[in-house]
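Asker: Need a 3D model of the following:
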Amino acid sequence: MNRTDSIISILIMLSILISISACTSDSPGKEKSASTEESSQSDKSGQETPDMNTLTPLPFPIAFTTERDGNKEIYVKIFKENPGINITNNDESDYGFKPFRDGGVFISQREGDHDIFYVSFDEELKYENLTGSHAAEKQMAVSQDYQQLLFTSNREGDDEIFLHSRDGFPPKNLTRNEAGDAFPYWMPDGKSFLFESNRHGDWDIFLELVNGGIAENITDNPAPDHLPRVSPDGKNLAFESLRDGFQDIFIYNFETKTTTPLTTDEPLDDSPLFSHNSKLIAWNHDLDSMSQIRMKNLETGEEKILTGDDSDNWCSEFSFDDKYLMFVSKRTGNLEIFLMELETSNLTQVTDNAAPDYYPVFLPDSIDEFVKAISK
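Answerer: As a prediction, the model looks like this:
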């Protein structure tokens, strides 16, 4: 039995119990259970919950941020036809979910400022404030094994990169510099990380060991360099730069220590995204005030335009098998989430709601138990 079939079987067995509990009990208080939230969504819409046997499973479960409940909340979605399950259920804003350990992390304002919360499941959804300061925490980065967490915080007076500690100690300041440090990104080995800093007078991208050492300036150019992204094989760094007069994407090779442009056209290219096999790279290209998604095969040099020029589209993630590209689009009039099958260019609309849906992420096998638990 594969992963999706396992989830479907559990949902079918529990569907009767869910219906009974929805009719006989209420979840008191501000935070509701995931199953109660899904039942209430069906009641509000006036539609019955679809028969589990008729639902179409997505290639992978996803989490996303939505404003359909009047504020920012995080939903998990397994089936194409279902609206999804609200896993944050709070009157304050929750957004930007990333898989972490056996659950996930997200940014929340539920305690008055922007903190990073960890959500897991132990008979019910549990929430833990991992940062707990009165400063703003943002720009989370989770390591490839989903066990380590970096984030940006101004808790010591300026933006620095911090490492979350699993042993209960306060987060560790890794950068400790009077200049601004931001947008951390893990190297695949989990022992070092990239970030952008203006400590040399302009924004460059630096490499630093988690256990200490001198930060190495990787890009070292008078023009601003931003948003580091590393290929999963650790060979290439993609980043945005204004060094040619327009915002283009450049590739730095760690073995040869050379930098080459990926894009050279006007006016703006941004948000580079590597596939899991490191062979493909996708990015957003500004075209007549519309954002178009393009993709290049780094082995063959073949370049494709994946979306047209009649609506805004922004790339989000490659699926774990690299068969799909998930993206956010305004083609229906508001922000919705789509999947494109790369071999056929066939589209699946993942969300369909009058409120905006965005920040989607695929959920890995490592949190299958979390997905199954909240789906009961």
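
Asker: which stretches of the stretch 251-376 of the chain form helices?
Answerer: 368-374 (DSSP state H, counting those that start in this stretch).

Asker: Name all residues that make contact with residue 304.
Answerer: Counting by Cβ atoms under 8 Å, 6 or more residues apart in numbering, residue 304 touches 294, 295, 296. Every C-beta, even on glycine, is put in place using the N, C-alpha and C of the backbone.

Asker: Find the nearest non-adjacent residue to the first one, please.
Answerer: Counting by Cβ to Cβ, 6 or more residues apart in numbering, residue 294 lies nearest to residue 285, which is 5.1 Å off, once chain neighbours are set aside.

Asker: got the contact list for the one you found?
Answerer: Residue 285 touches 263, 265, 268, 269, 291, 292, 293, 294, counting by Cβ under 8 Å, 6+ apart.

Asker: Out of those, which end up buried?
Answerer: Applying 16 or more other Cβ atoms under 10 Å to the contacts of residue 285, the neighbour count classes 263, 268, 269, 291, 292, 293, 294 as buried.

Asker: Please identify which of those residues is nearest to residue 99.
Answerer: residue 293 (23.2 Å; Cβ to Cβ).

Asker: That closest one reaches residue 311, doesn't it?
Answerer: No - at 11.0 Å, residue 293 does not count as touching residue 311 under the criterion of Cβ atoms under 8 Å.

Asker: Make CSV from the buried ones among the contacts of residue 285 and add pLDDT and distance to residue 214 to it.
Answerer: Converted to CSV, the buried ones among the contacts of residue 285 look like this (pLDDT from 0 to 100; distance: Cβ to Cβ, whole Å):
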residue, pLDDT, distance to residue 214
263, 96, 32
268, 93, 33
269, 96, 31
291, 95, 38
292, 96, 40
293, 97, 38
294, 97, 37
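
Asker: residue boundaries of the strands in the stretch 251-376 of the chain?
Answerer: 258-261, 269-274, 280-287, 290-297, 303-305, 313-318, 324-329, 336-341, 347-349, 357-362 (DSSP state E, counting those that start in this stretch).

Asker: Just put these in JSON lines and tack on distance to residue 99.
Answerer: Converted to JSON lines, those look like this (distance: least, Cβ to Cβ, whole Å):
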{"stretch": "strand 258-261", "distance to residue 99": "31"}
{"stretch": "strand 269-274", "distance to residue 99": "17"}
{"stretch": "strand 280-287", "distance to residue 99": "20"}
{"stretch": "strand 290-297", "distance to residue 99": "23"}
{"stretch": "strand 303-305", "distance to residue 99": "28"}
{"stretch": "strand 313-318", "distance to residue 99": "11"}
{"stretch": "strand 324-329", "distance to residue 99": "14"}
{"stretch": "strand 336-341", "distance to residue 99": "17"}
{"stretch": "strand 347-349", "distance to residue 99": "21"}
{"stretch": "strand 357-362", "distance to residue 99": "7"}
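
Asker: and after the helix or strand of the chain with the lowest mean pLDDT, which helix or strand comes next?
Answerer: Scoring the helices and strands of the chain by mean pLDDT, DSSP states H and E places helix 34-45 at the bottom, with a mean of 38. Beyond helix 34-45 in the direction of the C-terminus, DSSP states H and E gives the next helix or strand as strand 57-66.

Asker: partners of that next one in the sheet?
Answerer: Looking at strand 57-66 with DSSP bridges, its partner strands are strand 73-79 (antiparallel), strand 357-362 (antiparallel).

Asker: tell me the mean pLDDT for it?
Answerer: For strand 57-66, mean pLDDT rounds to 97.

Asker: sorry, back to before: from the contacts of residue 304, which is closest to residue 130?
Answerer: residue 295 (34.7 Å).

Asker: so what's that closest one bridging to?
Answerer: Counting by DSSP bridges, the residues bridging with residue 295 are residue 282, residue 304.

Asker: Now do the contacts for it.
Answerer: 280, 281, 282, 283, 303, 304, 306, 325, 342.

Asker: what bits of the stretch 151-300 of the chain have low per-residue confidence?
Answerer: Regions of the stretch 151-300 of the chain meeting the criterion pLDDT under 70 are absent.

Asker: Which of the three states applies to residue 226?
Answerer: For residue 226, the assignment made with DSSP: H, G, I helix; E, B strand; the rest coil gives strand.

Asker: Give the burial count for it, as a bare number.
Answerer: Using other Cβ atoms under 10 Å, residue 226 has 17 other residues around it.

Asker: For the closest residue to it other than its chain neighbours, what are phi and psi?
Answerer: Closest residue to residue 226 apart from its sequence neighbours, by Cβ to Cβ, 6+ apart: residue 240 at 4.6 Å. Note on residue 240: backbone dihedrals following degrees, to the nearest 10 are phi -90, psi 140.

Asker: Now do residue 53, the pLDDT please.
Answerer: 69.

Asker: tell me the contacts of residue 144?
Answerer: 186, 188, 190, 232.

Asker: typo on my end, residue 193
Answerer: Counted by Cβ under 8 Å, 6+ apart, residue 193 has contacts 141, 150, 161, 174, 184, 185, 186, 187, 207, 208, 210.

Asker: make it 7 Å
Answerer: 150, 184, 185, 186, 187, 208, 210 (Cβ atoms under 7 Å, 6 or more residues apart in numbering).

Asker: Just the buried residues from those, in PyMOL please.
Answerer: Per 16+ other Cβ under 10 Å, the buried members of the contacts of residue 193 correspond to this PyMOL selection:
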select buried, resi 150+184+185+186+187+208+210
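
Asker: what would the contacts of residue 193 look like in CSV with secondary structure and distance to residue 219?
Answerer: Output for those, formatted as CSV (DSSP: H, G, I helix; E, B strand; the rest coil; distance: Cβ to Cβ, whole Å):
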residue, secondary structure, distance to residue 219
150, strand, 19
184, strand, 15
185, strand, 13
186, strand, 18
187, coil, 15
208, strand, 14
210, coil, 20
